[in-house]
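In: Whatever this is, show me its structure:
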Amino acid sequence: MNNANRLNFNNSFASVINSVRQLDFFMAAGIAMLVVFGLLALYSLDGGMVGLGSKVFKQAGWIAISFFAFIVFSMMDYNQLRKSASFLFLFALGFLAAVLIIGQTTHGTTGWLRFGPLGFQPVELVKIILIIVLAKFLSRTDFSAVRSIIMSFVFTAILFGLVMLQPDLGSGILFMFVWFGLIIFRGISWRWVAILLILASIFGAAGWTVLEPYQKNRILAFLDPFQDLSRSDSSYQAIQSIVAVGSGQIFGRGLGSGSQSQLHFLPEASTDFVFAAIAEEFGFLGIALFFAALSVIFYRLYIAAKTSRDDFGYLVISGFFVLIACETIINSAMNVGLFPIMGIPLPLVSYGGSSLLSTFIGLGIVQSIYRQRKALKLA
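Out: This is a model prediction of the structure:
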């Protein structure tokens, strides 16, 4: 290696080290704790297996990839995302269209693209793109409440429509929650909030007619899971999840000792119902620690948004706050029978690379905004 290359390498390495030092280590600690919860749950559900081919091994690989992406996005200038918003929106349209054409169907939803042995769910990445697109539009200096509400809704509705063609009701609902949350954070009047809530109720009721039969069954099972156990698997899933959460009591049954999860009574225990698996084996105290880690992340997101140096950065962080909060609330609520089963993963905990990678990318963008604000303050 000649002197010029050695100098470039040293400068690049120093830049990485400097960027890492400027990260929010309180948030990083909260993220690490949630990831550990996920790995412990997978270790238990896999019967203590950690070898090649086990879910723990695969998830650890995705964690390594996701952490690398986290560092890369935390080092970038987040303003490049603002400039690329139009391209990203077109990319999202093409990505979702490709899913409808060549996607793989799983559990009635055509939402996966296969790359050899790997599968990826594009809608997870599109959630991030939606936040960036909406943040750019809503942060414009010529902000007008009526125009911004209508145009931002149009952007969201286009992506919502493509997702509903899969059909993926859970992700579609998340799109709408992110849009609604961002226009509130942008500062529209409460009169508009009330109008939008009324319109949402009307369209929500009308939307019942276009739902797939299995989606209707999930909602009916939520309203009364014990009414008709033969209706579908939804009633069974809801009941087993509630039983698993309740059986954990205060201290839990212990790692690897949960009867519902270990005997496979609890369906999708590593993905949609990992919260119930954790509650059964770690009990109320484990769930309290889980929510304590989440609270740290939410608080640091609040601090990062509050101290961001521009409206775009503020809205991007606010969008990720809304997204992670909604995913957590919906997933945990459906695990205890307080929300219909929607197939929404628990951020940083559920098994699967798509959600994990996308969440780490989003948090990396948040760190980029936080780091540049911190660097500006030090300067």
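In: Helices of the stretch 1-150 of the chain, residue ranges please.
Out: Counting by DSSP state H, counting those that start in this stretch, the stretch 1-150 of the chain has these helices, from start to end: 3-21, 25-45, 55-75, 79-83, 85-102, 122-138, 145-164.
In: where does this structure have low pLDDT?
Out: Low-confidence segments of the chain (pLDDT under 70): 1-21, 107, 141-143, 206-210, 212, 214-216, 218, 220-234, 374-379.
In: remind me, longest strand of it?
Out: Longest strand in the chain, counting residues (DSSP state E): strand 109-115.
In: how would you label Ile188: helix, strand or coil?
Out: Three-state call for Ile188 (DSSP: H, G, I helix; E, B strand; the rest coil): coil.
In: Distance check, it against Leu196.
Out: 9 Å (C-beta to C-beta, to the nearest Å). No exception for glycine: its C-beta is placed from N, CA and C like everyone else's.
In: Need the overlap of contacts for these two.
Out: Shared contacts of Ile188 and Leu196 (C-beta atoms under 8 Å, 6 or more residues apart in numbering): Ile149.
In: that older thread, what helices or strands is the longest strand of the chain leaning on?
Out: If you count contacts as 3 or more C-beta pairs under 8 Å, 6 or more residues apart in numbering; DSSP states H and E, strand 109-115 packs onto helix 85-102, strand 104-106, strand 118-120, helix 122-138.
In: go again using 6 Å as the cut-off
Out: If you count contacts as 3 or more C-beta pairs under 6 Å, 6 or more residues apart in numbering; DSSP states H and E, strand 109-115 packs onto strand 104-106.
In: quick revisit: can you list contacts of the longest strand of the chain?
Out: By C-beta atoms under 6 Å, 6 or more residues apart in numbering, the list of residues contacting strand 109-115 from outside reads Gly103, Gln104, Thr106, Gly119, Phe120, Gln121, Gln166, Asp168.
In: In ChimeraX, select just the buried ones from those.
Out: Here is the ChimeraX command that selects the buried residues among the contacts of strand 109-115 (16 or more other C-beta atoms under 10 Å):
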select :103,119,120,121,166,168
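In: Relative to Gln260, which of the contacts of strand 109-115 is nearest.
Out: Nearest to Gln260 among these, counting by C-beta to C-beta, is Thr106 at 23.3 Å.
In: picking up where we left off before, comparing the helices of the stretch 1-150 of the chain, which comes out most buried?
Out: helix 122-138 (a mean of 24; mean count of other C-beta atoms under 10 Å).
In: starting at the chain centroid, how far to it?
Out: Relative to the mean C-alpha coordinate of its chain, helix 122-138 is positioned 12 Å out (C-alpha atoms, centre = their mean, to the nearest Å).
In: do stretch 29-38 as well
Out: Distance, stretch centre to chain centre, for stretch 29-38: 15 Å (C-alpha atoms, centre = their mean).
In: Identify the residues contacting it?
Out: The contact list for stretch 29-38, computed with C-beta under 6 Å, 6+ apart, reads Phe290, Ala293, Val296, Ile297, Leu348, Val349.
In: Select from these the one having the most neighbours.
Out: Neighbour count (other C-beta atoms under 10 Å) singles out Val349 as the most crowded of the contacts of stretch 29-38, with 29 neighbours.
In: nearest residue to it other than its sequence neighbours?
Out: What sits nearest to Val349 in space, not counting adjacent residues and going by C-beta to C-beta, 6 or more residues apart in numbering, is Gly38, at 4.0 Å.
In: That neighbour and Ile63: what is the separation?
Out: 9 Å.
In: about what we covered before: now the helices of the stretch 1-150 of the chain in CSV, with distance to Tyr314?
Out: Compiled in CSV, the helices of the stretch 1-150 of the chain are given as follows (distance: least, C-beta to C-beta, whole Å):
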stretch, distance to Tyr314
helix 3-21, 21
helix 25-45, 17
helix 55-75, 18
helix 79-83, 12
helix 85-102, 16
helix 122-138, 8
helix 145-164, 15
